[in-house]
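okay, here's the prediction I keep looking at, along with the sequence it came from:
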Amino acid sequence: MKIEVRNNNVEGALRVLKKKLQEDGVFNKLREREYFMSKGEKRRIAKAAGRARARRETQRKLEEYGF
């Protein structure tokens, strides 16, 4: 991954780099590898994420269409 530094603006380049790493999911992978997680725990987290995603989608549709 390459980030171009323009006009010696290193802070801006770091901000862009962090955003790209966040979008790629690098920080989430690092957090996951920090400690061991059992299969059951992974499954519970995945189900909770799915429920939250469905709730957000339902809320978005409710706000957008009103029903």
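Sure thing, it's come through.

phi and psi next, for residue 5.
Main-chain torsions, residue 5, degrees, to the nearest 10: phi -90, psi 120.

starting at the chain centroid, how far to the longest helix along the chain?
What stands out as the longest helix in the chain, according to DSSP state H, is helix 39-65. Computed by CA atoms, centre = their mean, to the nearest Å, the chain-centroid distance of helix 39-65 equals 14 Å.

go on, stretch 57-67?
For stretch 57-67 - counting by CA atoms, centre = their mean - the centre lies 23 Å from the chain centre.

kindly export that stretch (C-alpha atoms) in CSV.
Provided in CSV are the C-alpha atoms of stretch 57-67 (Å, rounded to 0.1, in the frame of the first residue of the first chain):
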residue,chain,number,x,y,z
GLU,A,57,-31.1,-1.9,8.0
THR,A,58,-34.6,-2.0,9.4
GLN,A,59,-34.2,1.4,11.1
ARG,A,60,-32.8,2.8,7.8
LYS,A,61,-35.8,1.5,5.8
LEU,A,62,-38.2,2.8,8.5
GLU,A,63,-36.7,6.3,8.2
GLU,A,64,-36.5,6.2,4.5
TYR,A,65,-40.0,4.7,3.6
GLY,A,66,-41.9,5.3,6.8
PHE,A,67,-43.2,1.7,7.2
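
contact partners of the helix or strand of the chain with the lowest mean pLDDT?
Lowest by mean pLDDT, DSSP states H and E among the helices and strands of the chain is helix 26-33, with a mean of 90. For helix 26-33, the external contacting residues (CB atoms under 8 Å, 6 or more residues apart in numbering) are residue 21. To be clear about C-beta, it is placed using only N, CA and C from the backbone, and glycine gets the same treatment.

now do the buried residues in that helix.
When burial is assessed from 16 or more other CB atoms under 10 Å, helix 26-33 yields no buried residues.

can you list the domains in the protein?
Residue ranges for each domain of the chain read 1-35, 37-67, as given by automatic domain parsing.
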